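Q: Attaching a predicted model along with its sequence, questions to come.
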There are 2 protein chains.
Amino acid sequence: MREAAAAAVSDEGILSSDFVAEMVRQMRAIDTYGTYDDWSVEKILEPFILTKQQRREIPIIGDPDEIILARIKAFYNAISALLEKECGLMAVPMVNITHEGFGRALITVGKLVVMDKTLRDVHRFSFLSLSKMKDEADRLLSVALAIIDEHPKAAGM
Amino acid sequence: MREAAAAAVSDEGILSSDFVAEMVRQMRAIDTYGTYDDWSVEKILEPFILTKQQRREIPIIGDPDEIILARIKAFYNAISALLEKECGLMAVPMVNITHEGFGRALITVGKLVVMDKTLRDVHRFSFLSLSKMKDEADRLLSVALAIIDEHPKAAGM
């Protein structure tokens, strides 16, 4: 019982984080018909969260559809937007996925590649929880900022 | 008459250049059925060359097909391969084209973006002559090498 309460409190923190706010903004940007207008944050981000069991139920091999691709782009767009806020320079995301579901996600700042991620099993793109999703975004952000710190001239600082 | 002979001589030079050799290698790599096996270099690279008139005959708006995409990738792959030879570091090309025919071509070396080109009218991707095509490749190459020179650490030198 106490654990559940603690989880709820920490969820509260995550829901009001910059990352979640930016993710919701990105998802609303691709919501052409305003379907999400009266949805809660949790409901909008729900498709990103899969339990191990749910993940296992998705076939290992599958072609990613447009909806999943849009979701993946939303994730890396959000990271780029947060990075821009942090470093004050333009961050440009680029997601390249072959139809077999493999690919590469890049974020560039100036002439610098600040994130370079190989993507696999794109059709199963998901996180175990919102908190794990935010952790991954925080990690990518801090690595990107460290790379800019190391090569400020190439980043255009 | 003398001009034609001069053009033939300079074509001779281009045909034996590293760039053309690499372009032919890239085109052969995607020639799964060995169609090009007994083709001349000129014939293999012919689809890249369009006169102004030929270009004008292609509709302004059009979706690029798989063959054109493969051709564009071959061009940037060739530049990456030549760049690797020049600088001794791995050069990774990435071509991202939306179905409307717009896109972005990148080459990265280490953490450095050494080429970043916005692509437009991809379905009309072509050059006026083999010599103009080589000029463009040479230009992209020398800019890339200058960027590496300027930021050797980010390139991984």
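A: In hand now; what should we look at?
Q: Give me the residue ranges of chain A where confidence is low.
A: A:1-11 (pLDDT under 70).
Q: can you give me the strands for it?
A: A:91-97, A:103-109, A:112-119 (DSSP state E).
Q: Now the first one: buried residues?
A: The neighbour-count criterion (16 or more other C-beta atoms under 10 Å in any protein chain shown) identifies A:91-97 as the buried residues of strand A:91-97. (Glycine included, C-beta is placed from N, CA and C.)
Q: Out of the residues you listed, which is nearest to residue B:104?
A: Of all these, residue A:94 has the smallest distance to residue B:104: 6.4 Å, by C-beta to C-beta.
Q: Excluding covalently adjacent residues, which one is nearest to that closest one?
A: residue A:106 (4.7 Å; C-beta to C-beta, 6 or more residues apart in numbering or on different chains).
Q: List the residues that contact the one you found.
A: A:93-96, A:113, A:115-117, B:94, B:106, B:108 (C-beta atoms under 8 Å, 6 or more residues apart in numbering or on different chains).
Q: quick one, helices of chain A?
A: Assigned by DSSP state H, the helices in chain A fall at A:2-15, A:18-29, A:41-45, A:52-56, A:66-87, A:130-150, A:152-155.
Q: right, and those - which one's nearest chain B?
A: helix A:152-155 (4.3 Å; C-beta to the nearest C-beta).
Q: Can you verify my assumption that residue A:126 contacts residue A:57?
A: No: taking contacts as C-beta atoms under 8 Å, residue A:126 lies outside contact range of residue A:57: 11.6 Å.
Q: between the two, which one's more packed in?
A: Neighbours per residue (other C-beta atoms under 10 Å in any protein chain shown) separate residue A:126 from residue A:57, with residue A:126 holding more: 18 against 10.
Q: Please verify my assumption that residue A:24 contacts residue A:48.
A: No: between residue A:24 and residue A:48 there is no contact under C-beta under 8 Å: 11.2 Å.
Q: residues from chain A in reach of chain B?
A: Residues of chain A lying near chain B by C-beta under 8 Å from any C-beta of the partner chain: A:94-96, A:104, A:106, A:108, A:110-114, A:116, A:147, A:150-151, A:153-154.
Q: and these, which are buried?
A: Buried among these (16+ other C-beta under 10 Å): A:94-96, A:104, A:106, A:108, A:110-114, A:116, A:147, A:151, A:154.
Q: Tell me, how many residues neighbour residue A:139?
A: 10.
Q: List the contacts of it.
A: Residue A:139 neighbours (C-beta under 8 Å, 6+ apart): none.
Q: and if you look at residue A:13?
A: Contacts of residue A:13 by C-beta under 8 Å, 6+ apart: none found.
Q: repeat for residue A:151
A: A:112, B:111, B:151, B:153-154.
Q: Tell me which two in the residues you listed are the farthest apart.
A: A:112 and B:153 (10.9 Å).
Q: Give me the neighbour count for the residue lying closest to residue A:36 once chain neighbours are set aside.
A: In space, and not counting its chain neighbours, residue A:36 is closest to residue A:44: 5.2 Å by C-beta to C-beta, 6+ apart. By the criterion of other C-beta under 10 Å, residue A:44 has 18 neighbours.
Q: Same check on residue A:51?
A: Residue A:51, neighbours per other C-beta under 10 Å, totals 11.
Q: Quick check, it in contact with residue A:132.
A: No: under the criterion of C-beta under 8 Å, residue A:51 is not in contact with residue A:132, lying 11.3 Å apart.
Q: Just give me the residue right at the centre of chain A.
A: Against the mean C-alpha coordinate of chain A, by C-alpha atoms, centre = their mean, the closest residue is residue A:75 at 2.5 Å.
Q: Sounds good, over and out.
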